[in-house]
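A.B. asks: A predicted structure for the sequence below; I have some questions about it.
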Amino acid sequence: MLPGLAAACTGPTRAGVDRPPSAPSVAVGSTPSPSTTAVPTLGSSAPTTTPGGAGSIVNPISGVYDAEYLPATAGTYAEQVADAYDLNGRTVLVTSTGSLSVQAAGPPGGQTWAESSGPGQPTDALQVLFSPTGVTLQSESLALSASTLQCTFTPAVPILPLHPSFGSTVSSNALCGTFSAVVTTLEQGAGTITLGGVDYATLEVQSTIVTKGTTPATIIETSWVSPALRMAVRSVQRTSTKYNGLPYQITTTTSLTAAQPSS
């Protein structure tokens with residue numbers, strides 16, 4: 001859910017990119033003509049969102065936040081992933097088929113989600129808790145090229161609160177070994193996403209992650225989380241940092257391709 005934390009540590013080495021776009025030929029201060037690459041249409045439709053005023057709606061999607069959530073259905077879900085890497089104005093687009101592996105929940109409501117952007121790519125493991133207050137992210141294990149980095153969030157990052165209120169925010173601290181981060185989560189509004197011909201009501205949640213350490217970065221992630229599926233149907237993450245002193249941005253769009261696991 002927060003792969004931008006790993007991107008901030010490793011640079012452009014994930015999602016099939018071994019080096020930054022045009023890095024050997026781009027000099028500091030140069031102004032190359034940027035390439036324009038459109039992100040393709042993914043498995044789920046673009047969200048239709050109706051934002052609410054700050055604190056104005058306690059239960060934005062009637063009937064779906066009235067009971068404690070059951071854990072997500074275990075199995076492997078296919079995802080489509082599109083990464084746009086932009087270094088100093090030059091862009092490379094990489095698309096892949098990723099996966100989200102959801103393990104059976106254990107007591108007391110904990111569940112492990114393992115997400116990868118494609119075959120042979122690192123897998124990030126998320127520890128998710130289902131409780132009377134909703135669904136929260138407790139910790140995340142980030143798979144780097146030569147090691148694994150464990151991030152623990154205090155307090156836990158809300159994924160799907162039981163009774164959300166538009167405009168409300170939660171601030172969490174992440175300790176990740178070699179760096180730290182502040183995560184600010186904002187409940188933005190309700191939305192609808194069509195997946196497999198079915199319209200799913202979603203809660204739009206925006207997380208802003210500011211890292212401190214060897215590679216400072218700012219990551220803004222917007223997720224459309226389905227109460228029916230208890231997971232994000234679509235997410236868009238934008239990471240801004242520097243690579244060898246050059247401005248470096250990554251935009252990652254991840255979408256479920258089916259509402260049910262394939263296995």
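C.D. replies: Arrived safely, thanks for sending. Because the structure is predicted, anything quoted here is derived from the model rather than measured. Numbers count the residues shown, from 1 in each chain.
A.B. asks: Can you name the residues bridging to the nearest residue to Leu203 once chain neighbours are set aside?
C.D. replies: Once flanking residues are discounted, Leu203 sits nearest to Val225: 5.1 Å by C-beta to C-beta, 6 or more residues apart in numbering. Glycine gets a C-beta too; all of them are placed from N, C-alpha and C. Beta bridges link Val225 to Leu203, Ala232, judged by DSSP bridges.
A.B. asks: residues touching Val225, list them.
C.D. replies: Taking C-beta atoms under 8 Å, 6 or more residues apart in numbering, we find Val225 in contact with Ile159, Leu160, Thr202, Leu203, Glu204, Val205, Met231, Ala232, Val233.
A.B. asks: and if we set it to 7 Å?
C.D. replies: By C-beta atoms under 7 Å, 6 or more residues apart in numbering, Val225 lies in contact with Ile159, Leu160, Thr202, Leu203, Val205, Met231, Ala232.
A.B. asks: Dump whatever helix or strand the fifth one lives in to CSV, keeping only the CA atoms.
C.D. replies: Assigned by DSSP states H and E, Val205 belongs to strand 198-212. The C-alpha atoms that make up strand 198-212 are tabulated as CSV, following Å, rounded to 0.1, in the frame of the first residue of the first chain:
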residue,chain,number,x,y,z
VAL,A,198,-20.5,-4.2,-11.0
ASP,A,199,-20.6,-0.8,-9.4
TYR,A,200,-18.7,-0.7,-6.1
ALA,A,201,-19.2,2.0,-3.5
THR,A,202,-15.8,3.3,-2.3
LEU,A,203,-14.3,5.6,0.3
GLU,A,204,-11.7,7.9,-1.2
VAL,A,205,-8.7,8.1,1.1
GLN,A,206,-5.6,10.3,0.6
SER,A,207,-2.4,9.5,2.4
THR,A,208,0.5,12.0,2.3
ILE,A,209,3.9,10.4,3.4
VAL,A,210,6.9,12.7,4.0
THR,A,211,10.1,10.7,4.6
LYS,A,212,13.2,11.8,6.4
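A.B. asks: Let me know the average pLDDT across it.
C.D. replies: The average pLDDT within strand 198-212 is 90.
A.B. asks: List the buried residues for that strand?
C.D. replies: Tyr200, Ala201, Thr202, Leu203, Glu204, Val205, Gln206, Ser207, Thr208, Ile209, Val210, Thr211 (16 or more other C-beta atoms under 10 Å).
A.B. asks: got it, and stretch 244-256?
C.D. replies: Under 16+ other C-beta under 10 Å, the buried positions of stretch 244-256 are Leu246, Tyr248, Gln249, Ile250, Thr251, Thr252, Thr253, Thr254, Ser255, Leu256.
A.B. asks: Could I get the pLDDT score of the fifth one?
C.D. replies: Spelled out, it's Thr251. 95.
A.B. asks: for it, helix, strand, or coil?
C.D. replies: strand (DSSP: H, G, I helix; E, B strand; the rest coil).
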